[in-house]
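1. Need a 3D model of the sequence below.
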Amino acid sequence: MLADLPRVSSARAAEIVDVGYEGFRSYLKRGMLGRVGMLPGFHRAGSDTHDDFAPRRKWMMFGFADLCLMRIAKLLMDAGFRFESANSVVSRHEVWSQMAHDDEPTERYLLIWPPYGDHIIFDPSDLHHLPGHIKAAKAHGVITLLNLGDVQRDVAEKLAKQGGCG
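-> Purely as a prediction, here's the structure:
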């Protein structure tokens, strides 16, 4: 189901992530998602092996997993986390892989607390640990809890409504 959702242009991606187009492009130029979900660069023998820290800055099309991660970053920044903290959460290969391989929205939770964006992601099989970790994280002050399944549903609904690229 989720794998069949269309890829969208930058303009539609910005709408789905809920940022202006210029803000969306700025995220990409600043290195949003880094190289997560991408194959390593291939280089000719004897050539420079520099890998761009922001390879998505030139991308024109975005898929479901990318949109979910960018939406999570936007929600974290709206909650007061700095770009760098939000990006460090969503730029992890295992998070991208989960989003890219889910067949349907999955009840997975992200627990994050300031000041550095320390976080834990709870898969469905780990949810029994969530209350104890919330209690421990509250000792650090304010916490943010995101239902990643809700993010997947929101992005999937917007993609289905918009009907692909254009």
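2. Could you give the separation of stretch 135-153 from the chain centroid?
-> Remark: stretch 135-153 is offset 15 Å from the chain centroid, using CA atoms, centre = their mean, to the nearest Å.
3. Pull out the buried positions in it.
-> For stretch 135-153, burial by neighbour count (16 or more other CB atoms under 10 Å) applies to Ala137, Ile143, Thr144, Leu146, Leu148, Gly149, Val151, Gln152. Backbone N, C-alpha and C define where each C-beta goes, glycine included.
4. Low-confidence bits of this protein, can you list those?
-> 1, 34-60, 139-140, 162-166 (pLDDT under 70).
5. centroid residue for it?
-> Closest residue to the average C-alpha location of the chain: Leu69 at 1.2 Å, with CA atoms, centre = their mean.
6. Helix or strand: which one has that residue?
-> Taking DSSP states H and E as the definition, Leu69 sits inside helix 64-78.
7. buried stuff in that helix?
-> Going by neighbour count (16+ other CB under 10 Å), the buried part of helix 64-78 is 64-77.
8. mind checking how far the helix or strand where Ala136 lies is from the chain centre?
-> Per DSSP H and E: Ala136 is located in helix 130-138. Centre-to-centre, helix 130-138 and its host chain are 23 Å apart (CA atoms, centre = their mean).
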